[in-house]
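**Q** just a sequence and a predicted model for now, questions to come.
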Amino acid sequence: MNEPRSTIRLDKWLWQARFFKSRSLAAEIVGNGRVRVDGQPVSKPARAVGAGDVLTFPQGQAVRVVRILALGTRRGPAPEARALYDDLSPPAPPKAPANPSYDGGGRPTGKAGRALRRHQAPDPSGDA
């Protein structure tokens, strides 16, 4: 006979795998319908998930795609949490170069402007 598949609540797994800081945040994201399990939108935090399921959800500015490898027994340290899933997310696009920083140029000070005018050649048209 087939052995029943081990499962865990979706919000609890997301919290144990350290994708969200609290279980209530994980439940809120799921409850808002922002998580997909194997491509199907889910809106119930109590949805059972198990090994082999693929989750798609937003995290910060990125969209994460992960395959569940194992069910956790506790919310442990980060290395333990990383062993619970396989990250299938596409690599982040390269960041645009930062704007150049201020180099101190720009409008001269009054003192620098007077010094500049002293060293310029006189205007041949006679206009001041």
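**A** Sure, I can see it. Numbering: from 1, shown residues only.
**Q** going by C-alpha atoms from here, please, whenever you check contacts or count neighbours.
**A** Will do.
**Q** need the contact list for R82.
**A** Neighbouring residues of R82 by C-alpha atoms under 8 Å, 6 or more residues apart in numbering: A17.
**Q** please read the previous query as pertaining to R117.
**A** Contacts of R117 by C-alpha under 8 Å, 6+ apart: none found.
**Q** surely it forms part of a helix?
**A** Yes: using DSSP: H, G, I helix; E, B strand; the rest coil, the assignment for R117 is a helix.
**Q** could you check how far it is from A98?
**A** R117 sits 36 Å away from A98, taking C-alpha to C-alpha, to the nearest Å as the criterion.
**Q** show the pLDDT at P124.
**A** As predicted, P124 sits at a pLDDT of 67.
**Q** and P108, by the same measure?
**A** 79.
**Q** phi, psi of it?
**A** Dihedral pair for P108: phi -70, psi 160, per degrees, to the nearest 10.
**Q** distance check, it against A115.
**A** Using C-alpha to C-alpha, P108 is found at 10 Å from A115.
**Q** likewise R23?
**A** The value you get for R23 to A115, if C-alpha to C-alpha is used, is 67 Å.
**Q** hang on, V63 in a strand?
**A** Yes: counting by three-state DSSP, V63 is part of a strand.
**Q** skip the chain neighbours and tell me the closest residue to it.
**A** Once flanking residues are discounted, V63 sits nearest to F57: 5.7 Å by C-alpha to C-alpha, 6 or more residues apart in numbering.
**Q** and the helices in the chain?
**A** 10-16, 23-31, 78-82, 110-119 (DSSP state H).
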